[in-house]
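Enquirer: Just need the structure, nothing else, for what follows:
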Amino acid sequence: MEKLLQSKFKPSESEMEYFINSYKTLRMPMDFLSYKWCPFEDEENMVELCVHMMKDMLEPQLATNDPLLFELTCIVRNTYRDLPYHNFEHAVGVMHCAYIILKRNRGLFDQIEVTSIMISALCHDVDHPGLTNSFLVTINHPLAKLYEKSPLEHHHYYLCYYLLKNFKIFQHLDSNEYSKLMNNIKNNILATDLAVFLERRRNILKLKRNKAFNIISEPDRSLMKSILMTACDLSSTCKPFPPARMYTEAIIKEFYEQGDKEKMLGLIPASIMNRDLSARLPEEQVRFYVSLALPCYSLLVQIIPNTEQLYYGCLKVYFQWQLEVDKKSQPVWKVEESYLSAE
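Expert: All right, here's what the predicted structure looks like:
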């Protein structure tokens with residue numbers, strides 16, 4: 001694994017020099033401190049912006065080590081595949097959402113938690129194959145054999161683990177601190193499995209109903225960070241509608257590719273995976289927002305109140321998808337039915 005990381009993913013000296021020099025003249029996007037910012041708006045500066053976010057949030061021992069941060073970011077970028085959605089741009093978007101939440105809630109998390117969230121967000125989908133966990137299980141994929149639950153998320157975590165171990169980025173931490181950091185990163189990355197989110201959401205709601213949710217207790221903090229990670233992972237649903245729709249169309253491309261594979265295996269893909277049913281996209285999105293996205297942000301606001309902009313952004317996009325559904329049910333005007341044609 002170490003030889004692979006060094007030979008395939010490590011940036012060249014000239015690439016490193018380019019990014020370090022580029023960072024010196026980096027101009028921050030005007031809306032960078034807003035949840036509305038989208039990475040594609042500054043695609044050529046995504047590496048530099050990742051380093052900027054880490055320098056702002058990580059401990060001083062790391063924040064002042066520019067070469068190390070650039071090398072780590074470039075290696076992580078190179079481990080993402082060239083996919084329509086699960087790519088480095090998605091990782092930057094998730095990291096940016098985490099950055100805004102953390103920046104607006106300084107003091108809510110300790111430094112190890114902050115570091116773990118930032119690293120987890122950046123690495124949460126490394127080497128994603130563009131397929132779902134259920135499909136990997138169905139085809140008996142090696143990852144599904146290796147991990148009983150959440151095979152993709154376990155793969156993302158262990159690749160992240162090897163990256164951090166290989167480059168000794170946390171040498172300044174003692175063994176207890178390092179163990180806490182890696183446990184946090186593992187919990188955070190595994191939380192991006194939506195099946196895990198649904199389970200942990202039920203746990204939080206039960207605790208809150210019984211008025212037993214305690215933000216100080218470690219188990220409840222773990223649940224809080226899990227919901228935060230899911231919210232960041234889904235944050236493209238909170239953008240203004242044009243980019244939100246663009247990101248939806250990107251992930252749908254991956255879904256259709258999987259659906260085509262399922263058809264070749266004689267399987268019947270879910271409607272959202274079936275390109276023959278593309279006309280149902282608005283209905284599928286309404287279902288997704290009602291069942292997953294909106295409940296996620298509604299819960300996040302209950303735990304971290306100043307994240308309400310994410311909830312309202314998601315709600316606005318939901319209304320737009322619902323509007324498209326409503327338009328489909330309206331009668332279509334036909335020229336042959338007009339009064340003028342009757343004359």
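Enquirer: Could you point out the longest helix of this protein?
Expert: Taking DSSP state H as the assignment, the helix of the chain that covers the most residues is helix 241-264.
Enquirer: what packs against that one?
Expert: For helix 241-264, the elements it packs on are helix 133-138, helix 281-288, helix 308-328, judged by 3 or more CB pairs under 8 Å, 6 or more residues apart in numbering; DSSP states H and E. C-beta here means a position set from N, CA and C on the backbone, and glycine is covered the same way.
Enquirer: So what's the residue count around the nearest residue to residue 293 once chain neighbours are set aside?
Expert: In this structure, residue 293 finds its nearest non-sequential neighbour in residue 237, 4.7 Å apart by CB to CB, 6 or more residues apart in numbering. Other residues near residue 237 come to 25 when the count uses other CB atoms under 10 Å.
Enquirer: Now the helix or strand hosting residue 157 - C-alpha only, CSV.
Expert: Element membership of residue 157, judged by DSSP states H and E, is helix 151-166. Output in CSV follows, covering the C-alpha atoms of helix 151-166 (Å, rounded to 0.1, in the frame of the first residue of the first chain):
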residue,chain,number,x,y,z
PRO,A,151,-18.4,-1.9,2.7
LEU,A,152,-17.8,1.4,0.9
GLU,A,153,-17.4,3.5,4.0
HIS,A,154,-15.1,1.0,5.6
HIS,A,155,-13.0,1.1,2.4
HIS,A,156,-12.9,4.9,2.5
TYR,A,157,-11.8,4.9,6.1
TYR,A,158,-9.1,2.3,5.8
LEU,A,159,-7.6,4.1,2.8
CYS,A,160,-7.7,7.3,4.8
TYR,A,161,-6.0,5.5,7.6
TYR,A,162,-3.2,4.3,5.4
LEU,A,163,-2.8,7.8,3.9
LEU,A,164,-2.4,9.4,7.4
LYS,A,165,-0.2,6.6,8.7
ASN,A,166,2.1,6.7,5.6
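Enquirer: just checking, what packs against it?
Expert: helix 66-79, helix 111-123, helix 133-138, helix 142-146, helix 175-190.
Enquirer: Among the ones you listed, single out whichever gets nearest to residue 43.
Expert: helix 66-79 (11.8 Å; CB to CB).
Enquirer: picking up where we left off before, right, and the helices and strands packed on helix 151-166 - which one's nearest residue 243?
Expert: Across the helices and strands packed on helix 151-166, closest to residue 243 is helix 111-123 (CB to CB), at 18.6 Å.
Enquirer: Quick check: closest non-adjacent residue to the most centrally placed residue in the chain.
Expert: Nearest to the centroid of the C-alpha atoms of the chain, with distances taken as CA atoms, centre = their mean, sits residue 233, at 2.6 Å. The spatially closest residue to residue 233, leaving aside those adjacent along the chain, is residue 192, at 4.7 Å (CB to CB, 6+ apart).
Enquirer: Near the one you found, how many other residues are there?
Expert: Neighbours of residue 192 (other CB under 10 Å): 24.
Enquirer: same thing with residue 134?
Expert: Residues lying near residue 134 (other CB under 10 Å) number 11.
Enquirer: OK, contacts around it?
Expert: By CB atoms under 8 Å, 6 or more residues apart in numbering, the contact list for residue 134 is empty.
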